[in-house]
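Enquirer: Predicted structure and sequence below. I'll ask about it afterward.
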Amino acid sequence: MAYEIANSAVKITLVAGEDLSAKQFYFVKINSSGLAVACSGATDKPIGVLQNDPTSGKEAIVTVVGGTKVVASASIDEGVLIGTASTGKADAKVPGTDTTEYVVGQVILASGADGEILTAVVNCANPHRAA
């Protein structure tokens, strides 16, 4: 089944705090200066998924809530809960197991391998631990 991502996503614009030109469709977070940087730990709290490819100091467009493409860290099936891997890619999160990591979405169109793009619905405005 094909899914279309409607224009109903909530997006924000932040300033890139580092070169994100190779991080389109990766999870990003806000650093202590209020700038968008790539997630670099599985326990990071993502602000959303980067939609463009800015260099440092340029505008970073970030989907906070809604449908989006995300680069996967592995094969991830439909219906699986996701958050960030240490690479900023989508990673499967298991409630009761990944209790120090944040669940911020659910896959609606699977990925077959690391580096493939999946489709997910995310809600980074209200992340919760995979408790």
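Expert: Arrived safely, thanks for sending.

Enquirer: Show me where this protein has its strands.
Expert: 10-15, 27-30, 36-38, 48-50, 59-71, 81-84, 90-92, 102-103, 105-109, 117-123, 128-129 (DSSP state E).

Enquirer: For these, which has the smallest mean pLDDT value?
Expert: Note on those: strand 128-129 shows the lowest mean pLDDT, a mean of 88.

Enquirer: Which of the strands of the chain has the highest mean neighbour count?
Expert: Ranked by mean neighbour count, the strands of the chain are led by strand 48-50 with a mean of 29 (mean count of other C-beta atoms under 10 Å). Glycine gets a C-beta too; all of them are placed from N, C-alpha and C.

Enquirer: for Gly105, which residues make a bridge with it?
Expert: Beta-bridge pairing of Gly105 under DSSP bridges involves Ile82, Val122.

Enquirer: Identify all contacting residues around stretch 106-126.
Expert: 2-3, 5, 10, 25, 46-49, 63-82, 89-90, 104-105 (C-beta atoms under 8 Å, 6 or more residues apart in numbering).

Enquirer: Could you work out the end-to-end span of it for me?
Expert: 13 Å (C-alpha to C-alpha, to the nearest Å).

Enquirer: repeat for stretch 40-57
Expert: Terminal residues of stretch 40-57 are spaced 19 Å apart (C-alpha to C-alpha).
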